[in-house]
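1. Build me a structure from this.
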Amino acid sequence: MLFCIISIGFAFAQSASGGGNGVNSAYSRYGFGQLSDAVIGRQSAMGGLALGLRDGAQVNVANPASYSKCDSLTFLFDAGVSLQNGNFDNGKTRQNMKNASFDYIVMQFRAFTNIGVSFGFIPYSKIGYNIGSTHEMITDKYGNVTPYSTFEGNGGISLGYLGVGAKILGGLSVGVNANYMFGDLEHTITNNFTETSVYSSIRAYTASISTLKFDFGMQYEQSLGKHNTLILGATYTLGHNINNDAVRTDYTYDNNNNKIVETTEKKISNAFELPKSFGIGFAYQHSTRLTVGVDYSVQKWGEVKYPMTTSAGFVSQVGFLSDRKKVAAGLEWTPNNMSRNYLKRVHYRLGGYYTTPYTRINGTDGAKEFSLSFGFGLPIQNIWNNRSVVNLSGQWVHVSPGASQLVKENYLRVCIGITFDERMFAKWKVQ
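-> Okay, the predicted model is just below:
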């Protein structure tokens, strides 16, 4: 059974890194693509709030210190999918596109007293776009010729992780995720002409990413009376070089004879770096009814090198990216989780976030993101248990570029996750 689960997760991760991964954004053309924060299930409806969340019935990959909350008889299995409709507006035309993706698969259980373990697959970044652009007509030896370009990209990076969280002293817990990052980055620029006798030019950027990443977390839980608890959370991610190559290949293509005439390749060794990152946050809990919190995180992309083509050629250097900052806030309200009235046992959730761009486009900051979300945690009640939950969320995301001539994007996204909370390791007594 476990082997099947891991195989399914690995197949999902391979699919997410190879295209068809649920993204259609022109801004995934830059950097590592559209970044995916480690937000699953419950958190997607709460604006991505995660650093201070501490719940033994829900997996929280964003802060591995939370794993220590898992009780001795619980095995959690959580998987999620998302559907989205994107609206794109460049001031002249509008377009709608629909996508679907299998997002994550994670598991968690308690290994020893006050020590929890989690593992699974989650996305790190996604690339997916296909853009056409027509240029002004030119006159050459072939007469009047109109050039047009096509920009296409796909791929992304996935994470397979194994994490441990431990409660070490009083209300203090610490944890670490060891992540294996893998995936392919593929970008292609094709320049064609209305006159087929003119050779086309094709420029392809490719890279295969394979490296380790370590995320550290801490949570401190402080009781504020009989029914109130304050949880402080913090995370830190190590930055380091990625010992992978970036390759730029230029082709000259004969359209009449349908063949490549010339190929030129340039390679940069050790072309990428991962940024160091840190985050702080808190969550306030009132009994089992109310949870509310705020997170703030920073990824130091402005300090890492990245490969680009400039007037100096194909180079990898610092300055092509910017620091990414994110603020997230959310709440969850459960009227009475012991009530016989089903609607009173439902978890009602609300949240939002704001992020600054980590990419730069022709020297201008990329696109900021604003998001509002809401959702429900619907308890599953059957003859086996009543601890499993269906997590539903709706999310509106507005992508606002730094320059007015760039594309504005709006997304309506529906996320569906199922958390199976099964009793494991129980000793049965027969009388």
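2. So for this structure, the centremost residue is which one?
-> With distances taken as Cα atoms, centre = their mean, Ser36 lies nearest the centre of the chain, 1.2 Å away.
3. tally of neighbours for the residue nearest to Val164 when sequence neighbours are not counted?
-> Excluding the flanking residues, the one nearest Val164 by Cβ to Cβ, 6 or more residues apart in numbering is Val117, at 5.6 Å. Any C-beta I mention is one placed from the backbone N, CA and C, and that applies to glycine too. Counted by other Cβ atoms under 10 Å, the residues lying close to Val117 total 20.
4. part of a strand, is Val117?
-> Yes - assessed by DSSP: H, G, I helix; E, B strand; the rest coil, Val117 belongs to a strand.
5. partner residues bridging it?
-> Per DSSP bridges, the residues bridged to Val117 are Phe109, Val164.
6. Test my guess that it contacts Leu76.
-> No - using Cβ atoms under 8 Å, Val117 is not in contact with Leu76, being 10.7 Å away.
7. between those two, what contacts are shared?
-> 108-109 (Cβ atoms under 8 Å, 6 or more residues apart in numbering).
8. for the stretch 251-400 of the chain, what spans make up the strands?
-> 259-268, 272-274, 277-286, 290-299, 305-310, 313-318, 324-333, 347-355, 360-361, 364-365, 367-379, 389-401 (DSSP state E, counting those that start in this stretch).
9. and those strands, which one is worst for confidence?
-> Lowest mean pLDDT within these: strand 364-365, a mean of 84.
10. quick one: contacts of that strand?
-> With Cβ under 8 Å, 6+ apart, strand 364-365 has contacts from 322, 356-357, 402-403.
11. now with 6 Å?
-> The contact list for strand 364-365 (Cβ atoms under 6 Å, 6 or more residues apart in numbering) reads 357, 402-403.
12. so Ala328 bridges to which residues?
-> With DSSP bridges as the rule, Ala328 is bridged to Asp295, Tyr353.
13. What's the local residue count around it?
-> 28.
14. The one 4 residues further on now?
-> Applying other Cβ under 10 Å, we find 26 other residues in the vicinity of Glu332.
15. ok, Phe88 touching Asn410?
-> No - the criterion here is Cβ atoms under 6 Å, and Phe88 misses it with Asn410 at 8.2 Å.
16. Between the two, which has more neighbouring residues?
-> Of the pair Phe88 and Asn410, Phe88 is the one with more neighbours under other Cβ under 10 Å, namely 19 against 16.
17. That one: what's it in contact with?
-> 95, 407, 409.
18. which one among the residues you listed gets closest to Tyr220?
-> When these are compared for distance to Tyr220 (Cβ to Cβ), Glu409 wins out at 38.4 Å.
19. Helix, strand or coil: sort out the closest one for me.
-> Applying three-state DSSP: Glu409 is strand.
20. looking at this structure, which helix or strand does the model trust least?
-> When each helix and strand of the chain is scored by mean pLDDT, DSSP states H and E, helix 2-16 comes last, with a mean of 41.
21. Please check the contacts of Phe88 and keep the buried ones.
-> Listed as buried from these are 407, 409; burial here means 16 or more other Cβ atoms under 10 Å.
22. Now distance to Arg203 too, for the contacts of Phe88, in a markdown table please.
-> Below are the contacts of Phe88 laid out as a markdown table (distance: Cβ to Cβ, whole Å):
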| residue | distance to Arg203 |
| --- | --- |
| Gln95 | 25 |
| Val407 | 21 |
| Glu409 | 25 |
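23. From the contacts of Phe88, pick the one nearest Gly160.
-> So of the contacts of Phe88, ranked by how close each gets to Gly160 (Cβ to Cβ), first place is Glu409, at 29.3 Å.
24. Kindly state the pLDDT recorded for that closest one?
-> At Glu409, pLDDT is 93.
25. Nearest residue to it in space, please, no chain neighbours.
-> Per Cβ to Cβ, 6+ apart, closest to Glu409 is Val399, 3.8 Å.
26. Distance check, that neighbour against Tyr354.
-> Counting by Cβ to Cβ, to the nearest Å, the gap from Val399 to Tyr354 is 12 Å.
27. Who has more neighbours out of the two?
-> Val399 (24 against 14).
28. So in terms of bridging, what pairs with the more buried one?
-> Here Val399, judged by DSSP bridges, has bridge partners Glu369, Glu409.
29. Next: Gly417.
-> Gly80, Asn391.
30. what number of residues lie near it?
-> 26.
31. How about Asp184?
-> 18.
32. how about it, secondary structure?
-> strand.
33. Quick check: bridge partners of the closest residue to Lys98 other than its chain neighbours?
-> Leaving aside its sequence neighbours, Lys98 sits nearest to Asn85 (Cβ to Cβ, 6+ apart; 5.2 Å). Beta-bridge pairing for Asn85 (DSSP bridges): Lys98, Leu412.
34. what's the neighbour count on Asn85?
-> 13.
35. State the distance from it to Ile242.
-> 34 Å.
36. One more: Thr355?
-> Distance from Thr355 to Ile242, by Cβ to Cβ: 23 Å.
37. Can you check which of the strands of the stretch 251-400 of the chain gets nearest to Phe216?
-> strand 277-286 (9.5 Å).
38. Residues in a beta bridge with the spatially closest residue to Gly293 that is not a sequence neighbour, which ones?
-> Nearest in space to Gly293, with sequence neighbours left out and distances taken as Cβ to Cβ, 6+ apart, is Ala283 at 3.5 Å. For Ala283, the beta-bridge partners under DSSP bridges are Ile231, Gly293.
39. doesn't Leu51 make contact with Ala283?
-> No - contact criterion Cβ under 6 Å: Ala283 and Leu51 do not qualify, at 8.0 Å.
40. Neighbour count: these two, which is higher?
-> Neighbours per residue, other Cβ under 10 Å: of Ala283 and Leu51, the larger number sits with Leu51, 30 against 27.
41. List the contacts of the closest residue to that one other than its chain neighbours.
-> Closest residue in space to Leu51, ignoring its immediate chain neighbours: Gly281 at 3.3 Å, by Cβ to Cβ, 6+ apart. Applying Cβ under 6 Å, 6+ apart to Gly281 gives the contacts 51-52, 233, 295.
42. ok, 7 Å please
-> Gly281 makes contacts with 51-52, 233, 293-296, as judged by Cβ atoms under 7 Å, 6 or more residues apart in numbering.
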